[in-house]
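Q: sequence and predicted structure are below.
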Amino acid sequence: MNSVVYDIIMTMYGPVITEYIKRIEETIAKSLQQYPRTFVMRVDLRFPLNPDLLSKCRMDAGAITRFMKSLSSKISASEMRRSKTGRVHKTILRYVWVREFNKKGKKHYHVFLLLNKDAYHLPGYVDRKGSLANMISLAWMSAIGLGANECKGLAFFCHSDNFWIEHKLSADLDDVVYDSVVVRTAYMAKEYSKHSDGERNFGCSQK
């Protein structure tokens, strides 16, 4: 990250956790190494406000892990189905997530997903079966143990934070799109919204 980008991040978000920034950039680099054309998208994962639904949903620290496993399985199953009708571009699911609390103390997650752009270039419509958005919504429903009708709107898609990055096949990744992705994902590294309650506040894919 160059100094100009770092100054922009500090101006926008204030103090940030530099280790988080490093992990974010490493995750982006891994995706670009495997997929020179990478699709990056953001989704916010929330818990229900309705007290009755809240009491029955699974809000433990494992929710985000269950979500990632479920989504990865759904993507793999979709690839297998589509492979029967022709050539399919496959993708590994990479991700960065952060746990935050709003002013009322409500827990939620911000998630950036990184995928092969040749496999997915947009999330699609959430109500269209088989779309990436639909799989994301269903995966969150599964992770927190609620039914489809109970989970509407709990996976919120931030369409302004959808990006296509193309690796220029050189060491120079200092371009406008790449810098924009780093700046937007750096939101997850801001210090003030993190709680110290024994649970992890940040995570990313390892591969």
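A: Sure, I can see it.
Q: which parts of the protein are helices?
A: Remark: helices assigned in the chain by DSSP state H are 3-13, 18-34, 51-56, 63-83, 132-144, 176-185.
Q: check the gap between the residue lying closest to Pro123 once chain neighbours are set aside and Gly105 for me.
A: Closest residue to Pro123 apart from its sequence neighbours, by CB to CB, 6 or more residues apart in numbering: Ala133 at 4.0 Å. For every residue, glycine as well, the C-beta is placed using N, CA and C. Counting by CB to CB, to the nearest Å, the separation of Ala133 from Gly105 is 28 Å.
Q: so those two - more neighbours on which side?
A: More neighbours surround Ala133 than the other of Ala133 and Gly105, with 19 against 7 (other CB atoms under 10 Å).
Q: isn't the more buried one up against Tyr120?
A: No. Here Ala133 does not reach Tyr120: they are 10.0 Å apart, not a contact under CB atoms under 8 Å.
Q: against Tyr13, how distant is the closest residue in space to Val98 that isn't next to it in sequence?
A: Nearest residue to Val98, sequence neighbours excluded (CB to CB, 6+ apart): Met188, at 3.9 Å. Between Met188 and Tyr13 the computed distance is 9 Å (CB to CB).
Q: the two: who's more crowded?
A: Neighbour tally, Met188 and Tyr13, criterion other CB under 10 Å: the higher count belongs to Met188, 28 against 17.
Q: quick check: the more buried one touching Arg23?
A: No. Counting by CB under 8 Å, Met188 stays clear of Arg23, with 9.7 Å between them.
Q: nearest residue to the middle of the protein?
A: Centroid-nearest residue in the chain: Phe112, 2.3 Å away (criterion: CA atoms, centre = their mean).
Q: what sits opposite that one in the beta ladder?
A: Counting by DSSP bridges, Phe112 forms beta bridges with Arg42, Val96.
Q: list the contacts for the closest residue in space to Tyr187 that isn't next to it in sequence?
A: In space, and not counting its chain neighbours, Tyr187 is closest to Tyr13: 6.1 Å by CB to CB, 6+ apart. Contact analysis of Tyr13 by CB atoms under 8 Å, 6 or more residues apart in numbering lists Ala186, Tyr187, Ala189, Lys190.
Q: between Met188 and Arg23, which contacts overlap?
A: Shared contacts of Met188 and Arg23 (CB under 8 Å, 6+ apart): Val96, Phe202.
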